[in-house]
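Participant: Need coordinates for the below:
(one chain, ligands or ions: 1)
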Amino acid sequence: MIHLKYETRNFDTLKCMKEDQAKQRIEKLKQEIHYHRRLYFVEDRQEISDSALDSLKHELVQLEKEYPDLITHDSPSQRIGGEPLSAFKKVTHTERMLSLNDAFSFDEVKEWEGRLIRLLGTKQWSYFVDVKFDGLAMSIMYENGVFARAATRGDGIIGEDVTQNVRTIESIPLKLEGKSIPRRVEVRGEVMMMKDEFERVNKQLKKDNKEIYANPRNLSAGSIRQLDPKITASRKLRFFGWDVETSPWGVSDETWQRHVSRSDQYEFLKSFGIPTSGHHAVCHTLDEVEKIYHKIERIREKLPYWIDGIVVKVNEIDVAQKAGIVGKAPRAAVAWKFPAEEVTTVVKDIQVQVGRTGVLTPVALFEPVRVAGTTVSRATLHNQAEIDRLGVRIGDTVIIRKAGDIIPEVVQVLPKLRPRSARPFRIPSACPICHSRIESKKIGKGEQGVGLYCTNKQCFAQQVNALIHFVSRSAFDMRGLKDKLIELFVQQGLISEPADLFDLTVDALKILKGFKNKKARNIVDAIQSRTHISLDRFIYALGIPQVGAQTARALANDLKSLNNLKSATEDALMAIEDIGPIVAKNVREWFCDRLHQQIITRLLSKIAIESQTGKAQSKKLQGLIFVFTGELSEYSREEAEELVRSLGGKAMSSVSKDTDYVVVGDGPGSKLTKAEQLGVKVVDEGEFVKMTRV
Ligand SMILES: [Zn+2]
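Facilitator: So this is what the prediction gives:
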């Protein structure tokens with residue numbers, strides 16, 4: 001901000017001013033205030049400080065008090081004029097206010113173009129692109145260049161007269177600039193609340209024990225629909241224009257008539273003194289449009305206001321008119337939305353899953369819905385306490401989002417949308433898979449560490465999940481043994497514990513439906529190629545509660561052999577770095593179990609554990625800090641982070657200037673933007689895999 005010294009006159013001298021002098025001074029002040037308003041809101045510049053500008057306004061108000069006859073409608077002092085209303089009048093729009101059809105992917109945008117080409121014949125147009133504001137659409141009518149009326153979109157045909165309130169928005173000129181202004185000009189655009197103002201207003205509402213607004217669009221709308229304009233004025237709203245129309249009888253100037261494209265219209269808006277986003281562009285192909293989409297998506301968080309996508313319009317207005325309207329939307333425009341970060345959906349069911357350790361986890365199943373770029377149909381509800389906290393019932397409408405970019409979670413229930421048929425849910429008292437008894441056990445830290453467990457060690461679900469864990473990448477790494485296959489093999493009675501895998505034969509698998517010789521052979525080979533395994537992988541594969549790959553490595557490096565591990569006391573285990581009392585107890589209990597002893601004995605008759613030398617570990621990523629965003633195809637987030645740690649690096653959950661690499665998978669989130677802002681190196685999964693190869 002530039003601070004210039006700006007002196008205003010002493011008010012005492014004003015009193016002696018003659019009326020014609022006053023008139024001149026008022027006119028000059030209005031122009032000056034208007035000039036600085038324009039500079040600030042339209043050009044994003046400031047020549048004088050806020051307080052200097054306030055001082056000018058103050059002088060104007062004082063002068064107008066002296067000479068009330070000189071007050072005009074377009075005076076900046078008249079922004080907050082009217083008395084509170086009892087209701088809003090209805091207004092019929094001169095031209096219907098249309099809405100836009102949405103597209104959620106580049107494919108959909110291309111389909112849209114395809115439809116236009118089929119409709120209009122050859123493609124002879126360019127595209128005009130701008131940000132899609134997440135605000136409140138507004139129509140502002142100027143008569144002879146002077147602000148006359150503002151109306152909400154309403155149903156597109158009839159809106160509400162909110163003139164008094166919109167007048168308080170300082171970024172809207174009360175008088176249009178320029179020489180040849182048509183008699184009637186309608187400016188369309190968006191009333192917005194800036195991010196910092198949203199925080200401020202909500203904070204204040206909270207302090208006053210009033211209900212806060214969930215999103216800035218609601219707050220903007222709520223602020224505009226205040227019957228008392230003083231409240232609207234206190235909410236510092238902004239306005240950005242995106243369209244300008246004149247009624248047919250109003251056209252008065254040839255230059256004006258020549259405006260034939262959206263980009264020309266924006267030039268007009270700017271010349272009138274109406275702020276625009278500044279992010280608009282003309283593109284000749286959809287590939288160019290796509291580049292802008294991604295560019296704007298990256299800077300989205302840095303913008304002072306909220307946007308939810310880009311608007312793509314045919315730039316040539318005559319072409320757009322030819323394309324016409326379908327339903328409530330013009331054919332020649334589309335809103336290309338960013339992936340939504342929070343969406344609503346309906347809980348169809350809540351099911352209980354049984355994990356490899358027997359832990360019971362309630363999972364909500366939804367109507368599939370797209371959130372942050374991927375389709376989501378389920379989310380864990382963690383435990384009964386979480387179900388109770390959310391108050392979620394089957395049939396409820398809920399808000400879901402993706403936590404840490406990839407894991408869907410239920411944020412909130414919308415109880416007003418609850419149908420009468422909604423059912424509360426309680427985790428059953430028996431295992432939903434094997435109907436065995438359930439017990440509450442503590443195997444982890446804190447409250448989250450307490451869980452409900454199926455007591456039956458031969459429970460089908462536990463067997464399947466234990467085997468899925470056994471063949472997983474950080475364990476025996478048997479490629480091609482997908483979860484579904486494991487489930488099928490257990491179901492068919494082919495396997496029930498790890499050792500059984502090594503007894504599988506091509507002939508046995510060929511009996512299964514859909515298994516040809518080659519497929520069966522590949523699976524048997526994948527298993528047989530893994531009969532030699534390192535001690536740390538072996539320990540991890542056992543699936544001892546709370547023993548992840550890193551803990552398994554610590555145990556292997558310290559104890560060197562399976563026999564040492566089997567006989568280690570809790571105290572001996574706790575003496576190992578990184579091993580706490582919970583893990584020590586879990587390890588001890590696991591090896592004391594007779595069933596587990598049998599599993600190991602059988603397994604050791606099939607495979608050999610390679611000796612752990614301790615030096616075999618590579619420290620290829622020593623000291624490097626990684627952050628992951630989006631979904632990787634080869635690894636789960638957990639596996640990738642584990643891999644980094646195993647190579648001496650660190651995996652962190654948020655990007656900072658200390659981050660060395662951000663690894664980007666499918667559907668990356670805000671971490672990518674952050675990385676770009678901070679200049680952190682961004683790599684894709686392929687590059688990451690290369691870096692980790694020993
Ligand atoms: Zn069970």
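Participant: And the strands in the stretch 151-300 of the chain?
Facilitator: 158-160, 184-192, 238-245, 281-283 (DSSP state E, counting those that start in this stretch).
Participant: Tell me which residues of the helix or strand hosting I486 come out buried.
Facilitator: Here I486, judged by DSSP states H and E, is contained in helix 483-491. Neighbour-count burial for helix 483-491, with 16 or more other C-beta atoms under 10 Å as criterion, is recorded at 485-490. For every residue, glycine as well, the C-beta is placed using N, CA and C.
Participant: Check stretch 676-685 too.
Facilitator: Buried, per 16+ other C-beta under 10 Å, within stretch 676-685: 680, 682-683, 685.
Participant: Need the distance between the two termini of it.
Facilitator: 17 Å (C-alpha to C-alpha, to the nearest Å).
Participant: Quick one: distance of that stretch to the chain centre.
Facilitator: Distance, stretch centre to chain centre, for stretch 676-685: 19 Å (C-alpha atoms, centre = their mean, to the nearest Å).
Participant: same thing with stretch 111-123?
Facilitator: Using C-alpha atoms, centre = their mean, the offset of stretch 111-123 from its chain centre is 32 Å.
Participant: can I get the CA coordinates of that stretch in CSV?
Facilitator: Only the C-alpha atoms of stretch 111-123 are listed here, as CSV (Å, rounded to 0.1, in the frame of the first residue of the first chain):
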residue,chain,number,x,y,z
GLU,A,111,-18.6,-33.7,-25.5
TRP,A,112,-20.1,-30.2,-25.1
GLU,A,113,-18.0,-28.9,-28.0
GLY,A,114,-18.9,-31.9,-30.1
ARG,A,115,-22.6,-31.1,-29.6
LEU,A,116,-22.1,-27.5,-30.6
ILE,A,117,-20.2,-28.6,-33.7
ARG,A,118,-23.0,-30.9,-34.7
LEU,A,119,-25.5,-28.2,-34.1
LEU,A,120,-23.7,-25.4,-35.9
GLY,A,121,-21.8,-27.2,-38.6
THR,A,122,-18.1,-26.4,-38.7
LYS,A,123,-16.4,-24.9,-35.7
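Participant: Show me which positions of that stretch end up buried.
Facilitator: 112-113, 116, 120.
Participant: Pick out the lowest-pLDDT one from those.
Facilitator: The member of the buried residues of stretch 111-123 with the lowest pLDDT is L120, at 91.
Participant: Now do the contacts for that one.
Facilitator: 319, 322-323 (C-beta atoms under 8 Å, 6 or more residues apart in numbering).
Participant: Now, of those, which are buried?
Facilitator: 319, 323.
Participant: Out of the contacts of L120, list just those in helices.
Facilitator: The members of the contacts of L120 that map onto helices under DSSP state H are 319, 322-323.
Participant: What ranges in the stretch 151-300 of the chain fall below the confidence cut-off?
Facilitator: Within the stretch 151-300 of the chain, the segments meeting pLDDT under 70 span 214-215, 246-259.
Participant: That should have said the chain, apologies.
Facilitator: In the chain (pLDDT under 70), the answer is 1-17, 80-86, 214-215, 246-259, 340, 373, 403-406, 443-449, 611-618, 694.
Participant: Between the buried residues of stretch 676-685, which sits nearest the ion?
Facilitator: E685 (36.2 Å; C-beta to the ion).
Participant: CSV for the buried residues of helix 483-491, including distance to the ion?
Facilitator: CSV is the format used below for the buried residues of helix 483-491 (distance: C-beta to the ion, whole Å):
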residue, distance to the ion
L485, 21
I486, 17
E487, 15
L488, 19
F489, 18
V490, 13
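Participant: Just the endpoints, please. Distance across stretch 523-543?
Facilitator: With C-alpha to C-alpha, one end of stretch 523-543 sits 22 Å from the other.
Participant: How about stretch 38-49?
Facilitator: For stretch 38-49, the end-to-end distance is 14 Å (C-alpha to C-alpha).
Participant: Next: stretch 389-408.
Facilitator: This stretch, stretch 389-408, spans 17 Å end to end (C-alpha to C-alpha).
Participant: Ok, stretch 504-522 next?
Facilitator: First-to-last residue span, stretch 504-522, C-alpha to C-alpha: 12 Å.
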